[in-house]
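# Sequence first, predicted model second:
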2 protein chains.
Amino acid sequence: MKSVKYWYLRNHTIFDALTDDDYEQLEWLVAFKTCTKHEFIYFSEDEVRKVYFVKRGNVKLGYYDDDGNEILLDVLKENDIFGQLSLEENNNKHGFAMAMGNDTVLCNFNVSEFEAMLKTRPTLAVNYSKQVGKQQMTVSRRYSSLLFKDARTRLVQFFKEWAEEEAKGVTKNIVLKNYLTQQEIAALNGLARQTTARILGELKEQNILDVRRREVLIPAIELLK
Amino acid sequence: MKSVKYWYLRNHTIFDALTDDDYEQLEWLVAFKTCTKHEFIYFSEDEVRKVYFVKRGNVKLGYYDDDGNEILLDVLKENDIFGQLSLEENNNKHGFAMAMGNDTVLCNFNVSEFEAMLKTRPTLAVNYSKQVGKQQMTVSRRYSSLLFKDARTRLVQFFKEWAEEEAKGVTKNIVLKNYLTQQEIAALNGLARQTTARILGELKEQNILDVRRREVLIPAIELLK
DNA sequence: TCTTGTTTGTCACATAGCTGACAAATGACT
DNA sequence: AGTCATTTGTCAGCTATGTGACAAACAAGA
């Protein structure tokens, strides 16, 4: 009878190709946590000395600027990694990570222990860098599109990528579960809330995209471009 | 008598802690290249199946948008890594990497060989993920500041970070070697060229920052904030 | 059902930064 | 020195987006 931990770990692509022995080792190092809605996973000056895996739910990363506004950097989903990814000092001064729903489950490792583990499991180390590299691509592509596109394009792109991830393969009548407020959508795309509202209204008029409180309806994905 | 390759590799933090035997192995896999100014290292649909290290000079990464504008994503310097960092398929469709000066020296590995190598050298794998993680931090911090700050702040920040990197420790009368045109500075900061010119003019008026063609003068770094 | 807080929709207004256009300054080549 | 291409400086609109303000719609709890 395998433990719950076992299955949580086993599910992550990073931990593919480990032997059962490896897993037993892993279980000694890993800590699990179920977070409540809006719970801070880390905050501000807390030094982040851990690597976190999102097992279930969503986590938002961001920071507070000098005027106290919440700036959202990213919303993570199942299997994403965050924390001290470089495994070294990082000066993420005013950053925070926050669980978005009640169902959020994380697991985490101490950086030093995680690093030690990687050093004895080359495949694991390679998988880890693959994952980090992949997330980097996503982030940098997302940001660059933000900088150079107008508001409408950004939003359309945003929902298109979301749809492509959540509803792989489906192209008609897509329904996404929505866990973001307009405020959050706006922040993620570097827009004012009001602008977002206006444009989402227009997109709804045009039957391209209907963003509701708890779901997002997309009649046909090819209209998003 | 060690080869040139040996020294180039040895210098990179990633290759710390390798034995001389390891180095001999490495040398079989690595390829070096000296690029001429404006030479494309890869371009567009070319599939990037390599991991590159910048050994000397600068490399710019970017892509061409639908209107044919050159969008700059990043300017890399010595010791930075680029290419297929995730070691897996990446759909960097219209992206390019270009050498900026004549002195640009790169080394590169085939992704598959590099991965195989990592799998037998755990420390190397860990160092590699550290480097990738570190670059990710830099990129995402840079972008996030772009999105939420005004033009002046972005530019000041840009030169401040540059100064802190090139002229570590120095705080007065800093002189940076400038290899960027206004056009490139603008693109890197998500601005129009004209806006950049206007603001750089103002900053010069105010004796805060003097950006010339081949050098950047900074009277006092604490003025940049 | 009523109450309260949060989220959304929609104004009117201000403005930072983009565009296009051109001339001046610089650098590279002959 | 003279020519040409590239880079920089500067102008006069224009427009997309941000701001502030408020009411309407919704959600959650008592």
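Nice, I can see it. Numbers count the residues shown, from 1 in each chain, chains lettered A, B, ... in the order given.
# Please count neighbours and contacts with C-alpha atoms only from this point.
Will do.
# right, and residue A:181 touches residue A:212 too?
No. Using C-alpha atoms under 8 Å, residue A:181 is not in contact with residue A:212; the gap is 9.2 Å.
# how much space between the residue nearest to residue A:220 when sequence neighbours are not counted and chain B?
Of all residues not flanking residue A:220 in the chain, residue A:172 sits nearest, at 4.5 Å (C-alpha to C-alpha, 6 or more residues apart in numbering or on different chains). Noted for residue A:172: a distance of 24 Å to chain B, by C-alpha to the nearest C-alpha, to the nearest Å.
# do you know how far residue A:172 is from residue A:219?
6 Å (C-alpha to C-alpha, to the nearest Å).
# neighbour-wise, which of these two wins?
Applying other C-alpha atoms under 10 Å in any protein chain shown to residue A:172 and residue A:219 shows that residue A:219 carries more neighbours, namely 17 against 12.
# Give me the secondary structure label for the nearest residue to residue A:80 once chain neighbours are set aside.
Excluding the flanking residues, the one nearest residue A:80 by C-alpha to C-alpha, 6+ apart is residue A:54, at 5.5 Å. Assigned with DSSP: H, G, I helix; E, B strand; the rest coil, residue A:54 falls in the strand class.
# Return the set of residues that bridge with residue A:54.
Counting by DSSP bridges, residue A:54 is bridged to residue A:106.
# what about it, how many neighbours?
Number of residues near residue A:54 (other C-alpha under 10 Å) recorded here: 21.
# Over to residue A:141?
13.
# Just the element for it, please.
Using DSSP states H and E, residue A:141 maps to helix A:122-148.
# Does that helix reach chain B?
Yes. Applying C-alpha under 8 Å from any C-alpha of the partner chain, one finds helix A:122-148 in contact with chain B at A:122-123, A:125-126, A:128-134, A:136, A:139-140, A:143-144, A:146-148.
# among those residues, which ones are buried?
A:122-123, A:125-126, A:128-134, A:136, A:139-140, A:143-144, A:146-147 (16 or more other C-alpha atoms under 10 Å in any protein chain shown).
# in chain A, which spans are strands?
Ranges of strands in chain A, per DSSP state E, are A:31-34, A:40-43, A:50-56, A:59-64, A:70-76, A:81-83, A:95-99, A:105-110, A:172-177, A:210-211, A:215-220.
# Deepest in the core, which of those strands is it.
strand A:95-99 (a mean of 23; mean count of other C-alpha atoms under 10 Å in any protein chain shown).
# residues contacting residue A:172?
Residue A:172 sits next to A:218, A:219, A:220, A:221 when contact means C-alpha atoms under 8 Å, 6 or more residues apart in numbering or on different chains.
# Just give the closest residue to the second one, not the sequence neighbours.
Closest residue in space to residue A:219, ignoring its immediate chain neighbours: residue A:173 at 4.3 Å, by C-alpha to C-alpha, 6+ apart.
# Could you report the pLDDT at residue A:43?
With respect to pLDDT, residue A:43 has a value of 82.
# ditto for residue A:90
Residue A:90 is given a pLDDT of 66.
# Stretch A:17-32 and chain B, any residue contact?
No. Figure legend: stretch A:17-32 not in contact with chain B (C-alpha under 8 Å from any C-alpha); closest approach 12.5 Å.
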